[in-house]
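Trainee: Need a 3D model of the following:
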Amino acid sequence: MPILKVKDVLLSSIPGDLTDNEVLEYQSQMLKMLEKTEAIGVLIDITGMEIVDSFMARVINETANMAQIMGAEVVLCGMQPMVALTLVEMGRELIGVQTALNLGKGLDKILISTKWNQTSLNS
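Mentor: The predicted structure is shown next:
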């Protein structure tokens, strides 16, 4: 699963068909990439996830929290309505994790919270 760096923000998209081992590998890759690149933001796009189980929800939440502890601003974007409903019903709140409707709005949140501006990404 590719993790892209655009200036100081890591961008990744989690497909909906990951196995438990693959999501753990994603977590490891994301945290290693964050350490290596010293990115200030992490944008995790879950548009491709139509359903989520408790393990997947826990790993995504832990990944976001670990990235925050490492100093990155984290935004989870593209959450489908059924995924949001499932998370609420399971009691898996995304404590301390910002969310956004889509990739663009998620990037805006990171830029605002890290005091970057749109022109910084273009330079």
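Trainee: Identify the residue nearest the residue nearest the centre of the chain in space, chain neighbours excluded?
Mentor: Closest to where the C-alpha atoms of the chain average out (C-alpha atoms, centre = their mean) is residue 44, at 2.4 Å. Computed as C-beta to C-beta, 6 or more residues apart in numbering, the closest residue to residue 44 that is not its neighbour in sequence is residue 76, at 5.1 Å. C-beta here means a position set from N, CA and C on the backbone, and glycine is covered the same way.
Trainee: now do residue 12
Mentor: residue 3 (4.5 Å).
Trainee: For that neighbour, list the residues it contacts.
Mentor: 10, 11, 12, 29, 30, 33 (C-beta atoms under 8 Å, 6 or more residues apart in numbering).
Trainee: which stretches of this protein form helices?
Mentor: For the chain, the helices defined by DSSP state H cover 20-37, 54-69, 81-90, 103-113, 118-122.
Trainee: Next, the buried residues of the fourth one.
Mentor: Translated: helix 103-113. Buried positions in helix 103-113, judged by neighbour count with 16 or more other C-beta atoms under 10 Å: 103, 106, 107, 109, 110, 111.
Trainee: What's the mean pLDDT across it?
Mentor: Taken as a whole, helix 103-113 carries a mean pLDDT of 91.
Trainee: what's the answer for the last one, then?
Mentor: Across helix 118-122, pLDDT averages out at 48.
Trainee: Drop anything exposed from the contacts of residue 3.
Mentor: Neighbour counting by 16+ other C-beta under 10 Å classes 10, 11, 12, 30, 33 among the contacts of residue 3 as buried.
Trainee: Just list the residues touching the second one, thanks.
Mentor: Put plainly, it is residue 11. 3, 4, 5, 43, 45, 103.
Trainee: Present those as JSON lines; the columns should include distance to residue 87.
Mentor: Listed next are the contacts of residue 11 as JSON lines, based on distance: C-beta to C-beta, whole Å:
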{"residue": "3", "distance to residue 87": "23"}
{"residue": "4", "distance to residue 87": "26"}
{"residue": "5", "distance to residue 87": "28"}
{"residue": "43", "distance to residue 87": "19"}
{"residue": "45", "distance to residue 87": "16"}
{"residue": "103", "distance to residue 87": "20"}
